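Student: Please find the sequence and the predicted model below.
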Amino acid sequence: MSEKKHILRPGPRPAPRPDPKMTCFAAVPRGAEEIAAHELEQLGVGDVAAGRGGVSFTCNREGLYRANLWLRTASRVMVRLAVFPCATPEELYAGVHAIPWPELITPAMTLAVDCSLRDSNLTHSGFVALKTKDAVVDRIREACGSRPNVDTASPDVRINVHLSKNVCTVGLDSSGDALDRRGYRLERNEAPLRETLAAAVVALTGWDGSIPLADPMCGSGTIPIEAALLAAHVAPGLKRSFGFQRWQDFDGKLWSRLVREAESGIERLPVGLVTGYDLDSRALVLAARNAATAGFEGQLHFFHAALEEFRPEGDKGVVIINPPYGKRLGDEEELKELYCRIGDIMKQRCRGWTGFVLTGNLELAKYIGLKAARRYVLFNGPIECRLLKYELY
């Protein structure tokens, strides 16, 4: 396994402190909250509760590490430090200053502050971030005689401040880079689907790797690769590093054990289980590279084919299509024809299979000409989408 190395600070790392019970929040693409909640329950954490835009839960250090390593649909995992009323700059400073920062950050480490504000007296995120930073470094300077520096690009500790209706929640971002950065997608095509959303789509189909899965418009391969990761029991975080690895209480032995366990459970995919097709040769080159980086060279297969040439093998399976939504002027007529062709191909060539189409344009979806058996709401960034399920008898 390739793992990014970080120089933490001079001197030996202190022994991990007693294993704390933490209150955490996994941020999730809207519409995928229940999927993420199920993932967390499978990981054995406690008090799992899905809400709008994420899932709260409690866990110990091992649970936090497992969540980052294994969650397929979450974008970040935050550890909550404090919640307090906050209607003024003074209340913000006092609430942040009261947190025992010297236990979390040394003067030799770097930090950054991220903010999100909603319906509160304090309305300027830059001011809130600056005031938070001042309170943190003042508390550390008072205890240690010197202060940490700010590094917005690659900090040792990323502090998250969420201010909603004059209530402030302060937490630590345990993930570092967003969890959709799996480490396998080296290049991205024009309109890539985030890995976390692709994983949510695969989860909503109910596919478990026991029947074939095909993507006839696969682009750079995100949906097939996410399906392959699921079927092969590959932890999506195996190819990357995380924010918690730079924390003072990072337990390297525990982390190494969890990584070894994850690596020992990987299975090889049968040939032909997951396939992708696309007309764009450049996208297929990217798809093959990404699949190889993810560990699926020789197991995932991509074919150069127009949609009209798509013909899945086998009596049953799952077909997933993520066509363009038509956000540019002049696309409409061309896309109406495309959606008509999608309907025709599913009717004529995918009998016995279950079809799924993810689209952010419900008007265009009407041109598929099939009655959807089920509709799931998902958000692709700010775009409200539907995952439409078609039983193709």
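Tutor: It's in.

Student: so where's the protein shaky on pLDDT?
Tutor: 1-18, 187-191, 327-330 (pLDDT under 70).

Student: can we see that at 90?
Tutor: Within the chain, the set of residues satisfying pLDDT under 90 comprises 1-20, 52, 123, 185-193, 313-314, 325-334, 381-382, 393.

Student: Which residue ranges make up each domain of it?
Tutor: According to the domain assignment given by automatic domain parsing, the chain is divided into the following structural domains: 22-173, 195-232+267-391.

Student: and of the ones you listed, who's closest to G252?
Tutor: G252 lies closest, by C-beta to C-beta, to one member of these: domain 22-173, at 10.8 Å. The C-beta positions use only the backbone N, C-alpha and C, and glycine is treated the same way.

Student: what's around the closest residue to G209 other than its chain neighbours, how many residues?
Tutor: Across the structure, with C-beta to C-beta, 6 or more residues apart in numbering as the measure, the residue nearest G209 apart from its sequence neighbours is A231 (3.2 Å). Each residue near A231 was counted by other C-beta atoms under 10 Å, and the total is 20.

Student: from memory A231 sits against L269, does it?
Tutor: Yes - the pair formed by A231 and L269 meets the contact definition of C-beta atoms under 8 Å, at 5.9 Å.

Student: Show me whatever sits in contact with both of the two.
Tutor: Both A231 and L269 are contacted by G209, under the criterion C-beta atoms under 8 Å, 6 or more residues apart in numbering.

Student: can you pull the contacts of W207?
Tutor: Taking C-beta under 8 Å, 6+ apart as the contact definition, W207 lies against L213, A227, L230, V318.

Student: wait, which of those is closest to L172?
Tutor: Among the contacts of W207, and counting by C-beta to C-beta, the member closest to L172 is L230, at 28.7 Å.

Student: and the helix or strand containing that closest one, what other elements does it pack with?
Tutor: When secondary structure is defined using DSSP states H and E, the element that contains L230 is helix 222-231. Here helix 222-231 touches helix 195-205, strand 213-215, strand 274-278, helix 281-293, going by 3 or more C-beta pairs under 8 Å, 6 or more residues apart in numbering; DSSP states H and E.

Student: List phi and psi for K21.
Tutor: K21 adopts backbone torsions of phi -90, psi 120, taken as degrees, to the nearest 10.

Student: I'd like to know how many residues surround it.
Tutor: The criterion is other C-beta under 10 Å. On that basis, K21 has 10 neighbouring residues.

Student: Could you do S146 as well?
Tutor: By the criterion of other C-beta under 10 Å, S146 has 11 neighbours.

Student: Same check on R185?
Tutor: 22.

Student: Distance of the residue nearest to it when sequence neighbours are not counted relative to F242?
Tutor: Closest residue to R185 in three dimensions, ignoring its sequence neighbours and counting by C-beta to C-beta, 6+ apart: N290, at 5.2 Å. Distance, N290 to F242, by C-beta to C-beta, to the nearest Å: 21 Å.

Student: Test my guess that G326 contacts L335.
Tutor: Yes - using C-beta under 8 Å, G326 is in contact with L335, at 4.4 Å.

Student: Which neighbours do those two have in common?
Tutor: Applying C-beta under 8 Å, 6+ apart, one finds that G326 and L335 are jointly contacted by N361, L364.

Student: In the beta-sheet assignment, what are the partners of the nearest residue to D151 once chain neighbours are set aside?
Tutor: Using C-beta to C-beta, 6+ apart and skipping the chain neighbours, the partner closest in space to D151 is T110 (3.7 Å). Residues in a beta bridge with T110, per DSSP bridges, are N149.

Student: ok, now which ones touch T110?
Tutor: The contact partners of T110, taken as C-beta under 8 Å, 6+ apart, are P148, N149, V150, D151, S154, P155, D156, V157.

Student: Tell me if I'm right that the fourth one and M109 touch.
Tutor: No - with contacts counted by C-beta under 8 Å, D151 stays clear of M109, the gap being 9.2 Å.

Student: Which one's more surrounded, those two?
Tutor: A count of neighbours by other C-beta under 10 Å puts M109 above the other of D151 and M109, at 19 against 14.

Student: If you drop the residues flanking it in sequence, what lies closest to the more buried one?
Tutor: Excluding its sequence neighbours, the residue lying closest to M109 (C-beta to C-beta, 6+ apart) is D156, at 4.1 Å.
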